[in-house]
Every structure is written in structure tokens, then in C-alpha cells.
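> coordinates for the following, if possible.
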Amino acid sequence: MTAPEPQHADPDGDAAARACLTAVAPPGSPLMGALLDEHDAREVWEALRSGSALPRLSGSSGEARPGQRAAQWKRWQDRARALDADALLSDTAELGGRVVAPGSPEWPTQLDMLAGHRPYALWVRGAHDLRNACLRAVSLVGARAASGYGLHVAGELAHTLARRGTATVSGGAYGIDAAAHRGALAAGGATVVVLACGLDVGYPSGHENLFADVAANGTLVTEYPLGSRPNRGGFLVRNRVIAALSPGTVVVEAGLRSGAMNTARHAHELHRVLMAVPKPVPGGSAPAPGGGVPFTLNVA
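Have a look, this model is predicted:
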């Protein structure tokens with residue numbers, strides 16, 4: 001499960017081109033997804049960098065109209081011209097990070113089920129090979145403002161899974177996410193943090209020590225290049241990756257309109273196994289804030 005050594009990717013290579021695309025187009029863009037379905041990443045990147053016209057598309061490129069597509073392309077071209085691609089790659093390598101792109105040995109092929117919404121590339125930092133870590137993995141998600149019961153269950157579940165050789169995937173947030181990551185680390189197991197920011201940002205800042213532990217003993221993953229700050233929309237887009245990386249997702253505690261339930265919906269759409277932790281039995285710990293998730297999840 002040892003991670004590959006960080007490499008200075010060939011700036012003209014597919015992985016490097018895809019890495020650059022993460023710096024100009026937002027994750028999950030239908031237009032960029034359509035372009036990468038029909039064109040080589042190096043061709044798309046060169047067209048952006050050189051100011052060329054939008055490459056021809058034979059099929060649908062999402063809901064955007066031609067005028068909207070042209071406006072998106074122009075914004076991406078402006079960003080591409082301003083990007084120092086060599087510095088982006090070398091700075092990431094200096095941090096101990098690496099680029100993992102579709103087709104590379106470390107790429108988790110289950111992400112391909114996201115089709116046109118799969119990541120263009122991933123920025124990865126950590127001790128474990130990402131693909132191997134996710135071959136046996138479970139995504140654990142839940143509330144930030146979790147109850148003591150929820151924190152205990154998340155930590156114990158991750159600890160038990162780790163002792164049985166199963167990695168934990170979550171988002172590195174306060175509450176259930178952090179309890180799951182710490183439970184896996186305490187058992188000496190693998191854990192994967194899917195960030196909604198750059199590897200050098202590490203949001204939330206209160207988890208600086210946790211992220212350092214994960215970098216040393218697990219894996220940090222993000223679709224965002226260095227320097228990217230988190231935003232609300234980014235957390236929701238990130239959740240599809242959490243759901244796709246593992247065969248199953250467990251919701252420990254969550255409100256009906258929470259990010260955890262958003263992850264559960266992605267898991268349902270991907271036909272992953274979807275599980276939930278019941279509320280405490282009467283006389284036990286307090287129920288989950290905002291109403292704990294019952295045995296049956298309605299994610300339609």
C-alpha cells in the first residue's frame with residue numbers, strides 16, 4: 001500500500017494537462033466533461049492556452065446553451081493564460097503531492113462510473129496508494145454537530161473496519177468525519193480524506209494535526225489545485241467523489257438536507273450499498289441533532 005514517489009509530470013503529458021484543467025474549470029463541469037469524453041486532454045489544454053476556438057462537440061455538453069458555452073470557454077482561456085503550469089506541478093511535488101489521472105496505475109477506476117462528471121484529475125498526498133486503499137473501503141459520513149453517540153459509533157466502526165483491512169473514506173470535516181478518520185488511524189488502518197480545497201489549505205484549519213496524521217499514515221485527495229479555498233458549492237460537488245470511491249456508504253447521523261444526505265443520494269444514484277446507523281435505543285444517548293437517520297433512507 002506504499003504510495004508512489006511524487007513525480008514532476010511531463011508538462012506535455014496527459015496527466016499534466018488534466019492537472020492544469022483542474023486550475024481553470026470547476027470540478028464536475030458538464031462542458032469540460034463532454035470535452036474530455038471526445039478529445040484528448042492535451043488537445044483541450046493546448047486549445048485553452050493558445051486562445052483557440054472551443055473544440056467541436058458531437059453530443060450534448062450539459063444544459064449550457066452555445067452562448068453560455070462560449071462564455072465559459074472564454075473564462076477558462078483567461079485562467080489558462082494566467083496559469084504557471086510548471087510552478088503548479090513543481091510546488092505540488094515540493095509539498096509531497098502528486099497528480100493521479102485516469103489511466104494511471106493509482107487511479108481508482110470506480111470513479112469512471114461518474115462518467116462525464118468524473119474528476120479531470122486528482123491531487124493526492126499521503127502514504128498509501130489511492131487505488132489500493134479504495135479497493136476495500138467504506139465511506140462514513142454524518143453531521144458536523146454530532147451527538148456523543150454518533151461520534152462513538154463512527155469512531156468504533158472505523159476502528160473495527162481498519163482492523164479488518166478496510167479503509168475509511170470521508171470528508172475531513174468536524175464531527176462524524178473526524179471521528180471516522182481518527183478511529184481508522186488509531187487502529188493503524190488506512191483512511192482517505194476527500195478535501196474540498198487545495199492540499200495546502202487543509203480546511204477546516206482546526207484539523208491541521210489530523211490532516212498531518214493522514215498525510216503520514218493515510219491519503220489526502222482533492223480535485224482542487226494548490227491555493228484553492230473552499231466554498232459551499234464545492235463541498236456538495238466533492239460529495240460525489242466520497243460516494244464513488246467505495247462500494248458502500250454509511251450515514252451515521254444527518255439532517256434531511258445535510259451534506260451527508262447529499263453524499264447518500266450520490267451513492268444511491270451510483271448503485272452503491274447504502275447503510276445507516278439507527279438512533280440510540282430508549283434510555284441511551286441523546287438522539288442525533290436534527291433527527292437521526294432511521295434504518296430506511298429516503299434518497300429519491
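> beta partners of residue 194?
Taking DSSP bridges, one obtains residue 221 as the residues bridged to residue 194.
> any stretches of the stretch 151-300 of the chain with poor pLDDT?
281-300 (pLDDT under 70).
> ranges for the helices of the protein?
Under the criterion DSSP state H, the chain contains helices at 14-21, 30-38, 41-50, 66-82, 85-95, 130-135, 148-163, 176-186, 208-217, 232-245, 259-269.
> buried residues in the fifth one?
Of the residues in helix 85-95, 85, 88, 89, 91, 92, 93, 95 count as buried by neighbour count, 16 or more other C-beta atoms under 10 Å. Backbone N, C-alpha and C define where each C-beta goes, glycine included.
> export those to TSV and tack on distance to residue 194 and pLDDT?
Converted to TSV, the buried residues of helix 85-95 look like this (distance: C-beta to C-beta, whole Å; pLDDT from 0 to 100):
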residue	distance to residue 194	pLDDT
85	24	94
88	20	96
89	21	95
91	21	97
92	17	96
93	21	95
95	17	96
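> and the gap between residue 72 and residue 78?
Separation of residue 72 from residue 78 (C-beta to C-beta, to the nearest Å) stands at 11 Å.
> do the same with residue 132
Distance of residue 132 to residue 78, computed by C-beta to C-beta: 39 Å.
> okay, the two: which has more neighbours?
Neighbour totals were compared for residue 132 and residue 78, and residue 132 leads with 18 against 13 (other C-beta atoms under 10 Å).
> output the helices of the chain as CSV; include the columns distance to residue 112.
Output for those, formatted as CSV (distance: least, C-beta to C-beta, whole Å):
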stretch, distance to residue 112
helix 14-21, 14
helix 30-38, 11
helix 41-50, 15
helix 66-82, 23
helix 85-95, 23
helix 130-135, 12
helix 148-163, 24
helix 176-186, 25
helix 208-217, 25
helix 232-245, 9
helix 259-269, 15
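> any low-confidence regions in the stretch 1-150 of the chain?
1-12, 59-64.
> hmm, try it at 80
Counting by pLDDT under 80, the stretch 1-150 of the chain contains low-confidence ranges at 1-12, 59-66.
> got the CA coordinates for stretch 127-144 in PDB?
The C-alpha trace of stretch 127-144 is given here as PDB (Å, rounded to 0.1, in the frame of the first residue of the first chain):
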ATOM      1  CA  ALA A 127       1.500   7.300   2.400                       C
ATOM      2  CA  HIS A 128      -0.900   4.900   0.700                       C
ATOM      3  CA  ASP A 129      -1.600   4.200  -3.000                       C
ATOM      4  CA  LEU A 130      -5.000   5.600  -3.600                       C
ATOM      5  CA  ARG A 131      -6.300   2.900  -5.800                       C
ATOM      6  CA  ASN A 132      -5.200   0.100  -3.400                       C
ATOM      7  CA  ALA A 133      -6.600   1.900  -0.400                       C
ATOM      8  CA  CYS A 134     -10.000   2.100  -2.000                       C
ATOM      9  CA  LEU A 135     -10.200  -1.500  -3.200                       C
ATOM     10  CA  ARG A 136     -11.600  -2.300   0.300                       C
ATOM     11  CA  ALA A 137     -13.200   0.800   1.600                       C
ATOM     12  CA  VAL A 138     -16.300   2.200   3.200                       C
ATOM     13  CA  SER A 139     -17.400   5.800   3.100                       C
ATOM     14  CA  LEU A 140     -18.500   7.100   6.600                       C
ATOM     15  CA  VAL A 141     -20.400  10.400   6.600                       C
ATOM     16  CA  GLY A 142     -22.500  12.400   9.000                       C
ATOM     17  CA  ALA A 143     -23.300  15.600  10.900                       C
ATOM     18  CA  ARG A 144     -20.700  18.100  12.000                       C
END
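> contact partners for residue 78?
For residue 78, the contact set (C-beta atoms under 8 Å, 6 or more residues apart in numbering) is empty.
> returning to what we had before: deepest of the helices of the chain, which one?
Most buried of these, by mean neighbour count (mean count of other C-beta atoms under 10 Å): helix 176-186, with a mean of 26.
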